[in-house]
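Novice: this one's sequence-less:
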């Protein structure tokens, strides 16, 4: 019995401690009590939605905390989400209920209308579309502007480098709300080089007779779009439940899709049931961050859950959200102002305090505190937090400057955002863009009747009973598709008309695109767009070759290149100089007894005469003879090579083009051939001014040699890539002649305005820069390599340069160097012997003279006596 009494005592003591701790939230009230005071607060909420119900419970809890010191009366009005009803109810609260303040989900327009009737404080719990201060000094915004949320969404888009997104939202109470939302997101996305591809404004659930059917139809339309990034902003939880339920049924919660929801939905995920969480698997969300681990919040949460569960028993999860916290702080703001008033509440002198959501301090109608957002990922039975974003720091320290404003994007984030579970359990980051689907792939046409099957070849696979399409152009296209930042589902469709007809099918949308050896020309730009050319092109003339000899006035100079002639002249000059110097150093009379001018002339003449060994001077020195021997070898080898090349040029027939000028073909009414399915027929008639009767249409590469041999055509006009293939296969007897007419190159065809054209151009550049296109082209030509005949080089291409004689020239140069050194040393020794003898004679004469003076004067000798 004593034990039971003791336990009861401790239980009561524990209750008193909890109550005393819970009542600590009312310390401010206890400091200054106004017993019997009356405070009437008008409340406008939408009780049909979860947010409205949370706001109602939170406000009632805030009033309960002050019931012992203030007589507070809440006049709650349910607007049912109707803007007109909310404005009317607000006016009624002011005029009939004579409330001291109004708190609720009022838009800026509604508050502006209400401020014309009263000056009482109006606190809005709705998000403001911008940072613009309200016109009324009595209007205050508890929620942060929606621009911060849009910046956070844009930061996520920027991190994953998605370029387009689709915006889905519920219609606002006014048109300005919808336009502000769209403008804010567009502005933020523009800063990160992204944009809104399309936006859907769904009517509010309470204004639609069958919202589920409407949402389903809109989702079907979006499913046919190429963009796979969906942003769901400013929408109710009830709308999100229907949206994701229908999206899952339509297969839009599968691989490749991305869903990002705003904080209006993410903040309430703790209160949704398991079926909704199951439908939202892989969704990313923004959840407003606040101190949910403080003692005050835990007390508030305990009371909230108890009261909410009693009042709304049909709901499973009564957990409070940020909307409950803001509503609680809004009531506290009014009560604090009431406690500190000197009469009527002054809207310009609201008291600053620390609430459940943080520091409450209004400046220009807003709380200046910037919101932080927790990035959450719905997975399993709940969600997990993957990152934290703030307007000042973003995900990391990456900053861009846009229109004078700094935006933190988090491009350098390497944290948890890299390990997100996307829809359908995918761990790979979706591309965000998909063209075609497995059920409805893109129809891409290919020319089935092209003259050159090396580029596109269409055969029938009897085993699969479907066409098999191969070729160089197809390989380039497949390589470029691998470089696209998204999946491309397509099927190749053979087109049996001309190239222009295939472009026309792309224009009339029978085909989504066209791939092949299609030239980019101005006429086709009127109907379609083209990618970056994957191979250069130009119209060239292919003709037969005929034997001929080189005729030139300076043919004798053609065997050697200009550099070879210059080196021969230099070697000859240097050889003559060394021979003259060698003979001069040995005292050869024919080289010594000359003036300076005669010596220069002798050197120049010797340089010329030694070429044919016809010098008139007699060579005596052995070193000079060594130089002459080396020079003789050089002259013999070089001379023999010169004779051989010159003889070949003048006697051996060379292959030359049978036609060198297009004017000759036109003037002689010669028939020319070209690809009958291409634009060349039109180009020959309209641009090159050939008569239509003189243009023969040829449909296969194998028909060209037959047409040449039979004399049907004198020349064939082919685009440069086709000409390469033709000459690689038929290298005997054909060559390119005349001028080349520049064209746009081979490219892929797309519909006007197709974003695939830009993306494919970038992909082609990547493939080209990697060298893969060149490799594919070489492989194609290697299969056609013709090696049965000599090449068709022109005669003037066979010219000898210094290369073949480099070793011989080096040997000669070495000998010349050695002889020069020997001759120089010899000349120094000869000069030194002459000077030394002269000095010796002078010295001996001086000694003899001094001795004579000494013998004459004896001991009295002095140099003065001499």
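Specialist: Cool, got the structure. Everything quoted here is computed from the prediction, not taken from an experiment.

Novice: which SS state does the residue nearest the centre of the chain fall under?
Specialist: Central residue of the chain (C-alpha atoms, centre = their mean): residue 762, 7.9 Å from the mean position. Classification of residue 762 using DSSP: H, G, I helix; E, B strand; the rest coil returns helix.

Novice: could you list every residue that touches it?
Specialist: Contacts for residue 762 were tallied using C-beta atoms under 8 Å, 6 or more residues apart in numbering; they are 483, 532. Where C-beta positions appear, they are placed from N, C-alpha and C, glycine not excepted.

Novice: can we see that at 10 Å?
Specialist: 480, 483, 484, 485, 531, 532 (C-beta atoms under 10 Å, 6 or more residues apart in numbering).

Novice: which non-adjacent residue is nearest the first one?
Specialist: Nearest non-adjacent residue to residue 480, counting by C-beta to C-beta, 6 or more residues apart in numbering: residue 763, 4.1 Å away.

Novice: The one you found - how many residues pack around it?
Specialist: Per other C-beta atoms under 10 Å, the neighbour tally for residue 763 reads 23.

Novice: Distance of it relative to residue 502?
Specialist: Here the criterion is C-beta to C-beta, to the nearest Å. By it, residue 763 lies 21 Å from residue 502.

Novice: Then residue 95?
Specialist: 73 Å.

Novice: picking that back up, wait, which of the contacts of residue 762 is closest to residue 145?
Specialist: Top of the list for closeness to residue 145, among these and by C-beta to C-beta, is residue 485 at 32.6 Å.

Novice: From what I see, that closest one and residue 760 are in contact.
Specialist: No: using C-beta atoms under 10 Å, residue 485 and residue 760 do not qualify as a contacting pair, with a distance of 11.3 Å.

Novice: between those two, who's got more neighbours?
Specialist: With other C-beta under 10 Å as the criterion, residue 485 and residue 760 differ in neighbour count, and residue 760 comes out ahead with 26 against 13.

Novice: residue contacts, that one?
Specialist: Taking C-beta under 10 Å, 6+ apart as the definition of contact, the neighbours of residue 760 are 477, 480-481, 483-484, 488, 513, 515, 530-532, 534, 747-748, 750, 754.

Novice: Walking through the stretch 301-450 of the chain, point out its strands one by one.
Specialist: When assigned using DSSP state E, counting those that start in this stretch, the strands of the stretch 301-450 of the chain occupy the ranges 353-355, 358-360, 373-379, 382-389, 399-402, 405-408, 434-435, 442-447.

Novice: The ones you listed: lowest mean pLDDT?
Specialist: Out of the strands of the stretch 301-450 of the chain, strand 399-402 stands lowest, with a mean of 47 (criterion: mean pLDDT).

Novice: So, low pLDDT: which residues of the stretch 101-250 of the chain?
Specialist: Scanning the stretch 101-250 of the chain for pLDDT under 70 picks out 112, 129-136, 173-176.

Novice: Would you map the helices across it?
Specialist: With helices called from DSSP state H, counting those that start in this stretch, the stretch 101-250 of the chain shows them at 108-114, 146-159, 175-190, 211-223, 237-249.

Novice: closest to residue 199 out of those helices?
Specialist: When those are compared by C-beta to C-beta, helix 175-190 sits nearest residue 199, at 5.8 Å.

Novice: which helices and strands does that closest one pack with?
Specialist: The helices and strands touching helix 175-190, judged by 3 or more C-beta pairs under 10 Å, 6 or more residues apart in numbering; DSSP states H and E, are helix 108-114, helix 146-159, strand 164-170, strand 195-202, strand 399-402.

Novice: can you rerun that using 6 Å?
Specialist: Contacts defined by 3 or more C-beta pairs under 6 Å, 6 or more residues apart in numbering; DSSP states H and E place helix 175-190 against helix 146-159, strand 195-202.

Novice: The longest one: which residues count as buried?
Specialist: Neighbour-count burial for helix 146-159, counted by 16 or more other C-beta atoms under 10 Å, picks out 146-159.

Novice: ok, back up a step: mind putting the helices of the stretch 101-250 of the chain into JSON lines with distance to residue 276?
Specialist: Conversion of the helices of the stretch 101-250 of the chain to JSON lines gives the following (distance: least, C-beta to C-beta, whole Å):
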{"stretch": "helix 108-114", "distance to residue 276": "31"}
{"stretch": "helix 146-159", "distance to residue 276": "21"}
{"stretch": "helix 175-190", "distance to residue 276": "24"}
{"stretch": "helix 211-223", "distance to residue 276": "14"}
{"stretch": "helix 237-249", "distance to residue 276": "5"}
